[in-house]
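S.K.: based on what follows, work out the 3D shape:
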Amino acid sequence: MTQLSVVSFLLLYLGAVNIIGFLIMGIDKLKARKRGFRIPEATLFLVALMGGSVGSLLGMYLFRHKTRHRKFTIGMPLILLLQIALIAFLFFGPWDIHTI
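M.R.: So this is what the prediction gives:
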């Protein structure tokens with residue numbers, strides 16, 4: 001795989017998982033209003049951990065869903081910060097990213 005295709009794949013993956021994070025927040029909010037079967041909180045966090053933290057946060061605040069739960073108001077931004085730190089570490093670490 002060339003470097004360009006790796007970057008393209010990663011961007012496509014991150015775009016997809018963030019769209020999923022955004023959508024499941026909206027779907028869970030809709031189900032909460034209708035008292036339907038809910039999406040487990042563990043699933044919401046798992047999608048964020050898999051790279052969908054931006055979409056999950058946007059969905060959380062746009063749909064005003066889980067914004068009163070400390071687990072979410074602290075946990076989701078913390079996941080995003082950890083992901084940013086990981087990306088910074090990978091790009092600015094003591095190795096040449098272009099050889100990976």
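
S.K.: which SSE is immediately downstream of the lengthiest helix in the chain?
M.R.: Identified as the longest helix of the chain according to DSSP state H is helix 3-33. Sequence order places helix 41-47 as the next helix or strand after helix 3-33, per DSSP states H and E.

S.K.: and the helix or strand just after that following helix, what does it pack onto?
M.R.: As assigned by DSSP H and E, the chain's next helix or strand after helix 41-47 is helix 53-62. Applying 3 or more Cβ pairs under 8 Å, 6 or more residues apart in numbering; DSSP states H and E, we find helix 53-62 packed against helix 3-33, helix 70-92. The C-beta positions use only the backbone N, C-alpha and C, and glycine is treated the same way.

S.K.: for the last one, give the mean pLDDT please.
M.R.: On average, the pLDDT along helix 70-92 is 93.

S.K.: alpha carbons of it, as PDB, please.
M.R.: Extracted in PDB, the C-alpha atoms of helix 70-92 (Å, rounded to 0.1, in the frame of the first residue of the first chain):
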ATOM      1  CA  ARG A  70     -20.900  13.600  33.800                       C
ATOM      2  CA  LYS A  71     -19.700  10.400  32.400                       C
ATOM      3  CA  PHE A  72     -20.300  11.800  28.900                       C
ATOM      4  CA  THR A  73     -19.500  15.500  29.500                       C
ATOM      5  CA  ILE A  74     -16.100  14.600  30.800                       C
ATOM      6  CA  GLY A  75     -15.500  11.200  29.100                       C
ATOM      7  CA  MET A  76     -16.200  12.200  25.500                       C
ATOM      8  CA  PRO A  77     -13.900  15.300  25.500                       C
ATOM      9  CA  LEU A  78     -11.300  13.300  27.400                       C
ATOM     10  CA  ILE A  79     -11.400  10.600  24.600                       C
ATOM     11  CA  LEU A  80     -10.900  13.300  22.000                       C
ATOM     12  CA  LEU A  81      -8.000  14.800  23.900                       C
ATOM     13  CA  LEU A  82      -6.300  11.400  24.200                       C
ATOM     14  CA  GLN A  83      -6.800  10.800  20.500                       C
ATOM     15  CA  ILE A  84      -5.200  14.200  19.700                       C
ATOM     16  CA  ALA A  85      -2.300  13.400  22.000                       C
ATOM     17  CA  LEU A  86      -1.800  10.000  20.300                       C
ATOM     18  CA  ILE A  87      -1.800  11.600  16.800                       C
ATOM     19  CA  ALA A  88       0.700  14.200  18.000                       C
ATOM     20  CA  PHE A  89       2.900  11.600  19.500                       C
ATOM     21  CA  LEU A  90       2.800   9.500  16.300                       C
ATOM     22  CA  PHE A  91       3.600  12.500  14.100                       C
ATOM     23  CA  PHE A  92       6.200  14.200  16.300                       C
END
